[in-house]
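Student: what follows is a predicted structure for the sequence shown.
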Amino acid sequence: MSNGTTLPQITVKAFVLGVILAAILAGANAYLGLFAGMTVSSAIPAAVISMAVLRLFATSNILENNIVQTTASAGSAVSAGVVFTLPALYLLGAWESFDYLQVVIIAGLGGILGVLFSVPLRRALIIERKLPFPEGQATAEVLKAGDAGSGIGALIAAALIGAGAKLCEVGLKLWSGTAEGATYFGKSVLYFGTNVSPALIAVGVIVGLNIGIVVFSGGALAWYVFVPLYSGMPDLDPNIAAFVATNPTPLDLGYEIWDQKIRYIGVGAMLIGGLWSLIDMRHSLVEGVRSARAAHAAGGWDTQAETDRELPMNWVMGGILVLIVPIFMLYAGIVDSYAVAAVMALLMVVAGFMFSAVSAYMSGLVGSSNNPISGMTIATLLFSALVLLWLKGADFASGAAAAILIGAVVACAAAIGGDNLQDLKAGHLVGATPWKQQVMLAVGAFVSALVMAPVLNLLVNAYGIGAATLEHPDPLSAPQANLMASVADGVFGGGLPWDMITIGVVIGAIIIALDKWLEVSGRTFRVPVLAAAIGIYLPLEVTAPILIGGVLAYLIERAAKGDAARTANADRVKMLLGAGLIAGEALIGIIMAVPIVVFQDPNVIAIASAPYGGWPGLIVVAGIGYWVYRRATAS
């Protein structure tokens, strides 16, 4: 007999609601990705919506709500992988529109591969390493609060505060999303700034001070060492020198140098960090596969608790092999060579698994919303483009497009890999059945794939993307897709900053050595290389609030130290408040996409134009941080 819960999970109402939300949230995230170059994790908004809708039925339970959020969040994750890559084909002129069948194959199969890749990762990262997975923990707290009514007041209050702050910023335009500035010190640029997002503060509260310090340190290395050094020597690069000749503001020059040069140090650190993470996790990964196969041989699910039952490893391996076939045929049609297509398919599988693991690991540290999928996709593009350059030569007209297609599948797989580990973490905390979540993750990924092409074609026809034209004078910027197009085209046309990538590899190796020394020394403070690489790759204004949140978490822990009951209550309350802030901000981020798309105006409800920049928001966030501290430390 099996152990575990007997509550129904995949019910008709949960399935239908999950599929509907997956399609809606995927479309909203597609717009946000093209408009702002970022997406939002939809797990918590989906959980909140699910609890509101399923309450209308006579019977509903926490595990049904968990299935709904699992399905819906998978859809929005695949959407992120698609909008960061496939529009690059349009920008390169390889596609004139988004072909329905090709998008379904790339997005759907890439997403499902990500689900299959993540099966052994669950045991490695959630059960054995016990990574925090901040959004997974936050989602679990939302589900528990909604189910038991315990702490729901704190959760709702935090959600309203987070939503209100985001509405004032994104909708009413009372302040901008960042409080930042820069100045020249001699010829060097000195930058200071932070994002004023309550959700990013909440992520820091959840992941804690150690990770907050490491992530911020990566950003500080980029912005307080490399940007000032490079800005003092602009003649190192003709493009930067030409930009300096336009007399830019110090802030503009700082971002130009970081975007064109310094962020590639983060890419190099991710390359070595990703390889090292796979090496470091090898025993956990192998043990995850071995234990799953051993359980299947010993009687399968009949010998396992309900909360340990995953998709059988034989099904996982067979599914991966089956899914390679249509992807191989797609590649063969593009490169007109079965041999090269076979190499591309092999690269896709290896890179897909590698970056699904890396994505899951990084999501476990800093959350899905801050998981730099674009950085991992760039790494895939670089490697794939170099292999194609070697196999087909520099005159291969479709080289850049072929590299992007490999990157697109990997991006979808990696996005799902990071996102569904958050869902599985939430499921682990609320007592869900893993295989049921894994099935619905695949369903959500495929549903998202079905709606991606129509949504992208709609947005292209309504707004245009990339460069402004007479027909579309104010297009969607698609910043990530533009970056992918530049990287892929740069390999075949030259111009990539290989020196920066090499520096990043060296820095990554040094960080790995430092972390191993800390481990051998028995120190509790650690320096995960991927967390530092994220800090280099992301803007400093994104990493700063994570550090602030980590400091806030430390202060809360210190205030309750020495009293076990107070410590437990403080941990629970800070988790609820963090979850609420994330939920409120994410809900407004998605809701605001609707009137923006309908009215084709990002300022549709604006009553100002951020006259004081982000400084009013900084004051508001400081107040929110103080409120979180007071609520969490109240006896």
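Tutor: Cool, got the structure. Numbers count the residues shown, from 1 in each chain.

Student: isn't Gly584 right next to Leu160, touching?
Tutor: Yes - at 6.2 Å, Gly584 counts as touching Leu160 under the criterion of CB atoms under 8 Å. Using the backbone N, CA and C atoms, a C-beta is placed for each residue, glycine as well.

Student: looking only at neighbour counts, state which of the two leads.
Tutor: Shown here are Gly584 and Leu160; by other CB atoms under 10 Å, Gly584 has more neighbours (29 against 14).

Student: any idea how far Ala202 is from that one?
Tutor: Gly584 is 10 Å from Ala202, where distance means CB to CB, to the nearest Å.

Student: can you list residues touching both of those two?
Tutor: Gly162 (CB atoms under 8 Å, 6 or more residues apart in numbering).

Student: that older thread, need the overlap of contacts for Gly584 and Leu160.
Tutor: Going by CB under 8 Å, 6+ apart, no residue sits against Gly584 while also sitting against Leu160.

Student: top helix in the chain by residue count?
Tutor: Ranked by number of residues, the top helix in the chain under DSSP state H is helix 399-430.

Student: could you give me the average pLDDT of that helix?
Tutor: The pLDDT scores in helix 399-430 average 82.

Student: show me what the next helix or strand after it is packed up against.
Tutor: Remark: after helix 399-430, the chain's next helix or strand is helix 434-463, criterion DSSP states H and E. For helix 434-463, the packing partners by 3 or more CB pairs under 8 Å, 6 or more residues apart in numbering; DSSP states H and E come out as helix 12-36, helix 62-83, helix 100-103, helix 109-117, helix 399-430.

Student: what about the longest helix of the chain, distance to the chain center?
Tutor: Helix 399-430 has its C-alpha centroid displaced from the chain centroid by 9 Å (CA atoms, centre = their mean, to the nearest Å).

Student: what of stretch 80-96?
Tutor: With CA atoms, centre = their mean as the basis, stretch 80-96 stands 19 Å off its chain's centre.

Student: could you dump that stretch to PDB, C-alpha only?
Tutor: Output of stretch 80-96 as PDB, limited to C-alpha atoms (Å, rounded to 0.1, in the frame of the first residue of the first chain):
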ATOM      1  CA  ALA A  80      10.000  33.600 -21.600                       C
ATOM      2  CA  GLY A  81      12.100  31.100 -23.600                       C
ATOM      3  CA  VAL A  82      10.300  31.900 -26.800                       C
ATOM      4  CA  VAL A  83      10.300  35.700 -26.600                       C
ATOM      5  CA  PHE A  84      13.900  35.900 -25.700                       C
ATOM      6  CA  THR A  85      15.000  33.900 -28.800                       C
ATOM      7  CA  LEU A  86      12.600  33.400 -31.700                       C
ATOM      8  CA  PRO A  87      12.000  37.100 -32.400                       C
ATOM      9  CA  ALA A  88      15.800  37.200 -33.200                       C
ATOM     10  CA  LEU A  89      15.000  35.200 -36.400                       C
ATOM     11  CA  TYR A  90      12.500  38.000 -37.400                       C
ATOM     12  CA  LEU A  91      15.100  40.600 -36.600                       C
ATOM     13  CA  LEU A  92      17.700  38.800 -38.700                       C
ATOM     14  CA  GLY A  93      15.300  38.600 -41.600                       C
ATOM     15  CA  ALA A  94      15.300  34.700 -41.500                       C
ATOM     16  CA  TRP A  95      11.600  34.800 -40.700                       C
ATOM     17  CA  GLU A  96       9.000  37.200 -42.100                       C
END
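
Student: what's the burial count for Ile10?
Tutor: Ile10: 18 neighbours (other CB under 10 Å).

Student: pLDDT score for it?
Tutor: The model reports Ile10 with a pLDDT of 86.

Student: same check, this time on Gly212
Tutor: In this model, Gly212 is scored at 89, pLDDT.

Student: do I have it right that it meets Ile546?
Tutor: Yes - assessed by CB under 8 Å, Gly212 is found in contact with Ile546 at 5.1 Å.

Student: which of the two has more residues huddled nearby?
Tutor: The neighbour comparison of Gly212 against Ile546 (other CB under 10 Å) goes to Ile546, with 35 against 27.

Student: nearest residue to that one other than its sequence neighbours?
Tutor: Gly204 (4.1 Å; CB to CB, 6 or more residues apart in numbering).

Student: and the one you found, what is it in contact with?
Tutor: By CB under 8 Å, 6+ apart, the contact list for Gly204 reads 212, 545-553.

Student: again, but for Phe383
Tutor: By CB under 8 Å, 6+ apart, the contact set of Phe383 is 347, 351.

Student: hang on, it in a helix?
Tutor: Yes - the assignment for Phe383 by DSSP: H, G, I helix; E, B strand; the rest coil puts it in a helix.

Student: against Glu135, how distant is it?
Tutor: Distance from Phe383 to Glu135, by CB to CB: 29 Å.

Student: could you do Val529 as well?
Tutor: Taking CB to CB, one finds Val529 at 22 Å from Glu135.

Student: which one's more surrounded, these two?
Tutor: More neighbours surround Glu135 than the other of Val529 and Glu135, with 36 against 26 (other CB under 10 Å).
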